[in-house]
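# give me the fold of what follows.
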Amino acid sequence: AAAAAAAATATRARISVKTNTVVMPYNVDELPRFAELTRHHPRLITRFIEHMPFDGNSWSPSSMIPYSAMLDALSTHFNCPTLPRVASSDPSDTTRHHRVPGFAGRVGFITSMSKPFCGGCNRVRVTADGGLKVCLFGEEEVSLRD
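Presented below is the predicted three-dimensional model:
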């Protein structure tokens, strides 16, 4: 209920909002509920992220739900053969955008494991401890605090 209220507030304020959910076996059944948030909110993108291996996160192949399985689960739930792709205006976008037919907003998939996008990524990240990373998978980072 809180997420729906926040989405409604953002829509009224004409603010674009992205929500991110790492999809794993224990929460894959919640995909339709997250996608449902986009029904009435054209500025909302609910993004589903494939679980990625990082130090200490207990990643295993069985913990990763691939893009195709997420897409199939949503297509089945919403009773449509497929979720239509939505083109992005950003050539370096790391999200594969789709729309549930009849919904105002979009669902997106960050497919770093099943369909890597390293060649087109232009992102940098700042870590919680002040490090600058040019790749989430890379070991190297530069301290912004030093």
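# just name the shakiest helix or strand of the chain by mean pLDDT.
Across the helices and strands of the chain, mean confidence by mean pLDDT, DSSP states H and E is lowest for helix 2-12: a mean of 79.
# what are the pairing partners of the next helix or strand after that one, and which direction each?
Using DSSP states H and E, the next helix or strand after helix 2-12 towards the C-terminus is strand 17-23. With DSSP bridges as the test, strand 17-23 is paired with strand 44-50 (parallel).
# find out how far the partner strand is from the centre of the chain, if you would.
3 Å (Cα atoms, centre = their mean, to the nearest Å).
# now for the next helix or strand after it, which elements pack on it?
Heading C-terminal from strand 44-50, the first helix or strand you meet, by DSSP H and E, is helix 67-77. The contact analysis (3 or more Cβ pairs under 8 Å, 6 or more residues apart in numbering; DSSP states H and E) places helix 67-77 against helix 31-36, strand 96-98, strand 106-110. Just so you know, the C-beta spots here come from the backbone N, C-alpha and C atoms, and that holds for glycine as well.
# so which of those gets nearest I65?
Minimum separation from I65 across these (Cβ to Cβ) falls at helix 31-36, 8.9 Å.
# which of the residues in that closest one are buried?
For helix 31-36, the neighbour count (16 or more other Cβ atoms under 10 Å) marks L31, F34, A35, E36 as buried.
# also stretch 22-30?
Neighbour counts over stretch 22-30 (16+ other Cβ under 10 Å) mark V22, V23 as buried.
# now do the end-to-end distance for that stretch.
11 Å (Cα to Cα, to the nearest Å).
# one more: stretch 106-117?
20 Å.
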